[in-house]
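**Student:** Next one to model:
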Amino acid sequence: MKHRVVSGAVALFMALSLALPVSGEETQQTTAPQETQATIPQTQPTQPPSTETEPIPTETQPPSTESPTEPPTEPEELQTSDALEIDSQFTYPGMDMPYADGYVPRVEEGIVYLMLPLLANRQISGNRIQASLELGNSPAFVAASYQKDFYLSEFLPENGSLSRELFLVEFPVELSPERSNGIYPVSIHISGYTDAGETIAFTHTLYVTITDGVSKETVKTTAPAASTPTAEPVVYISQCIMEPNPILAGEPFTLTVTLKNLLKTKSVKNLLVTVEPGDMQINLLENSNVIPVDTIGPEEEAVLQLAMQADPSISPGKYTVQFSFSYNSSQTLNLSSKGSCVLDIRQPAELSYDGARLPATVYQGEVTVLAVNLMNTGKTALYNCRMETKIPGLDSGGITFVGQIDPGKSADGKINLLVSKEEIGQVKGNILLLYEDSFGTEYQQEAEVTTQIEEMILPTDPEEKKEEKENSLWWMFVLLGIAAGASLGVGIPWYIQQRRQRKEDDLRL
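**Tutor:** Below you'll find the model as predicted:
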């Protein structure tokens, strides 16, 4: 076998071949002509040796070692493009947790599985991106070239129910049998173009933790803080409680607001809650409308109790109280969110009355009238106004309906009460005044009344009075007859006696 030193032209051809990218499902390294593939002893500095390794799990050609005569160039720093972003909320096959929870590559049976789910924020040219791995000079991995094309496809997350369209970058990498325990950085380089011709350049670094190394020596490598965007805590209102509920205009009430941290990995710090009642007639009875809260732990809650009051003249209805939240997390400043609570405010139903009194005395069997004047002294109409009595010995025959009474108006209600013939003496009972507000809530008032039931005095029969009158006239005639008879009985003999006397006197003469 001949051993030749490669000419300068051939060396230049080899360098250009290594620098040019090759597209395809897996890109293989371009090799030099046949005569340059022969093994060159280490003493020949002008002829780089060619090594061949079998990558896992896809076939790729081993990288060619660069000539020592050419100093290695520093890799160009890649700028992150906003055309792609990491799907940090969902877990896909090959992942133990989402990026938001601190994704760590899975290591199984001597293979580490590197996963990077990427969402497209713009139209990607050909729906294709290219990804490659940079393993560095770490002895933990089997040296190989990893470069693949990935296409936009739909994948079903393991922690979700709906498919998502994304680029799922995945590389299984074989670990070296002589690996040592430690933490090793691996960089994934992403490249491509948008439909608008913009260049996509994105680099993400993962840290592989090896705990099953065969070497007794542990590599002490400290992973720097991850630059991957992770989820931040969100403060939201999980519950609003009003006491009393509904709220009555003019009366103080308490609004209890429960705040919750949605995230389960980070705390909320330095929270400021700003309360905006939203209406000039709703008053916050606190020293300030900005309330500080120190800390809310992951998935924990904080409770605020706010003293408030609505003006007596406010119109009934539903009103919204707005809340603004400004806070920090352990990694990010100036986070914010908003929330609201709905207040159900009503005008109190107010009814006054007059005339709810019974006569001091009633008689068995008679009908007495109870008249009540109902007055609406509130600012909302009263509906289905009615009266009912519960008085022993006095029967009303049912409920007396009065109807609707508008604000500032009055209406009269009359109840006919039949006094029982079985009851006698003092009785005590109640008059019930029933009414409803515009929301259908029923109200009730009671008025206590008393009266004395007396026995009925029966009136004289007219026929008997006529008969008595006739009888009295008969006796009058009888008496008059007797008197006349007596007068005649005395007068006639006297007259005869006087006439006889005059005749005797005449004869004497």
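**Student:** What ranges in the stretch 201-350 of the chain fall below the confidence cut-off?
**Tutor:** Applying pLDDT under 70 to the stretch 201-350 of the chain picks out residues 214-230.
**Student:** what do you get if the cut-off is 80, keeping everything else the same?
**Tutor:** Applying pLDDT under 80 to the stretch 201-350 of the chain picks out residues 202, 213-231, 330-333.
**Student:** any idea where the strands of it begin and end?
**Tutor:** Taking DSSP state E, counting those that start in this stretch, the strands of the stretch 201-350 of the chain run over residues 235-243, 247-248, 252-261, 268-276, 282-284, 290-296, 301-310, 317-328, 335-346.
**Student:** Mind giving me the packing neighbours of the third one?
**Tutor:** The reference is to strand 252-261. Judged by 3 or more Cβ pairs under 8 Å, 6 or more residues apart in numbering; DSSP states H and E, the packing partners of strand 252-261 are strand 235-243, strand 268-276, strand 290-296, strand 301-310, strand 317-328, strand 335-346. C-beta coordinates here come from the backbone N, C-alpha and C atoms, glycine included.
**Student:** And the shortest one, by the same measure?
**Tutor:** Contacts of strand 247-248 with other secondary structure elements, assessed using 3+ Cβ pairs under 8 Å, 6+ apart, are made with strand 335-346.
**Student:** Also the fifth one?
**Tutor:** On a contact count with 3+ Cβ pairs under 8 Å, 6+ apart, strand 282-284 meets strand 301-310.
**Student:** Could I get the buried residue list for the strand it packs on?
**Tutor:** Using 16 or more other Cβ atoms under 10 Å as the test for burial, strand 301-310 gives 302, 304, 306, 308, 309, 310.
**Student:** What of stretch 138-153?
**Tutor:** Result for stretch 138-153 [16+ other Cβ under 10 Å]: buried residues 138, 140, 141, 142, 144, 145, 146, 147, 148, 149, 150, 152.
**Student:** so can I have CSV of these showing pLDDT?
**Tutor:** Below are those laid out as CSV (pLDDT from 0 to 100):
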residue, pLDDT
138, 77
140, 84
141, 86
142, 84
144, 79
145, 77
146, 85
147, 87
148, 89
149, 91
150, 92
152, 92
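**Student:** returning to what we had before: between the buried residues of strand 301-310, which sits nearest residue 257?
**Tutor:** Of all those, residue 304 has the smallest distance to residue 257: 4.6 Å, by Cβ to Cβ.
**Student:** and the closest one, bridged to which residues?
**Tutor:** According to DSSP bridges, the residues that bridge with residue 304 are residue 257.
**Student:** Now do the same contact list for it.
**Tutor:** By Cβ atoms under 8 Å, 6 or more residues apart in numbering, the residues touching residue 304 are 256, 257, 258, 259, 273, 291, 293.
**Student:** ok, residues contacting stretch 84-98?
**Tutor:** Residues contacting stretch 84-98 (Cβ under 8 Å, 6+ apart): 99-100, 103-104, 106, 113, 115-121, 129, 155, 157-160, 164, 166-168, 170, 190, 200, 202, 204, 228-231.
**Student:** ah, wrong one, I meant stretch 120-134
**Tutor:** 21, 23, 75, 82-85, 114, 116, 118, 146-152, 165-167, 169, 171, 173, 186-196, 198, 200.
**Student:** Now flag whichever of the contacts of residue 304 is closest to residue 447.
**Tutor:** Closest to residue 447, out of all of the contacts of residue 304 and judged by Cβ to Cβ, is residue 256, at 38.0 Å.
**Student:** can you tell me the helix or strand for the residue lying closest to residue 170 once chain neighbours are set aside?
**Tutor:** Using Cβ to Cβ, 6 or more residues apart in numbering and skipping the chain neighbours, the partner closest in space to residue 170 is residue 115 (5.2 Å). In this structure, residue 115 sits in strand 111-120 according to DSSP states H and E.
**Student:** from the middle of its chain, how far away would that strand be?
**Tutor:** Offset of strand 111-120 from its chain centre (Cα atoms, centre = their mean, to the nearest Å): 37 Å.
**Student:** strand partners of it, parallel vs antiparallel please.
**Tutor:** strand 84-86 (antiparallel), strand 106-108 (antiparallel), strand 164-174 (antiparallel).
**Student:** right, so of those strands, which gets closest to residue 329?
**Tutor:** For the strands paired with strand 111-120, the distance to residue 329 is smallest for strand 84-86, at 18.0 Å, taking Cβ to Cβ.
**Student:** Run the chain-centre distance for that closest one.
**Tutor:** 32 Å.
**Student:** re the thing from before, which of the contacts of stretch 84-98 count as buried?
**Tutor:** By 16+ other Cβ under 10 Å, these give 99-100, 103, 106, 113, 115-120, 129, 155, 157, 164, 166-168, 170, 190, 200, 202, 204, 230-231 as buried.
**Student:** so what's residue 154 closest to, chain neighbours aside?
**Tutor:** residue 163 (4.4 Å).
**Student:** Burial check on the one you found, number of neighbours?
**Tutor:** Residue crowding around residue 163 was assessed by other Cβ atoms under 10 Å; the count is 11.
**Student:** who's in contact with it?
**Tutor:** For residue 163, the contacting residues are 154, 155, 156, by Cβ under 8 Å, 6+ apart.
**Student:** from these, which is closest to residue 357?
**Tutor:** Closest approach between the contacts of residue 163 and residue 357, by Cβ to Cβ: residue 156, at 79.8 Å.
**Student:** Tell me the spacing between the closest one and residue 108.
**Tutor:** 22 Å (Cβ to Cβ, to the nearest Å).
**Student:** Flag the shaky bits of the stretch 351-500 of the chain, pLDDT-wise.
**Tutor:** 457-500.
**Student:** for the closest residue to residue 326 other than its chain neighbours, what are its contacts?
**Tutor:** Distance criterion Cβ to Cβ, 6+ apart; nearest residue to residue 326, sequence neighbours excluded, is residue 272 at 4.7 Å. Listed by Cβ under 8 Å, 6+ apart, the contact partners of residue 272 are 290, 291, 292, 293, 325, 326, 327.
**Student:** hmm, try it at 6 Å
**Tutor:** 290, 292, 326 (Cβ atoms under 6 Å, 6 or more residues apart in numbering).
**Student:** In JSON lines: the residues you listed, plus distance to residue 382.
**Tutor:** Shown next, in JSON lines, are those (distance: Cβ to Cβ, whole Å):
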{"residue": "290", "distance to residue 382": "42"}
{"residue": "292", "distance to residue 382": "46"}
{"residue": "326", "distance to residue 382": "46"}
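**Student:** And for residue 434, the neighbour number?
**Tutor:** 17.
**Student:** would a markdown table of the contacts of residue 304 with neighbour count be doable?
**Tutor:** What follows is the contacts of residue 304, written out as a markdown table (neighbours: other Cβ atoms under 10 Å):
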| residue | neighbour count |
| --- | --- |
| 256 | 14 |
| 257 | 22 |
| 258 | 14 |
| 259 | 23 |
| 273 | 21 |
| 291 | 17 |
| 293 | 18 |
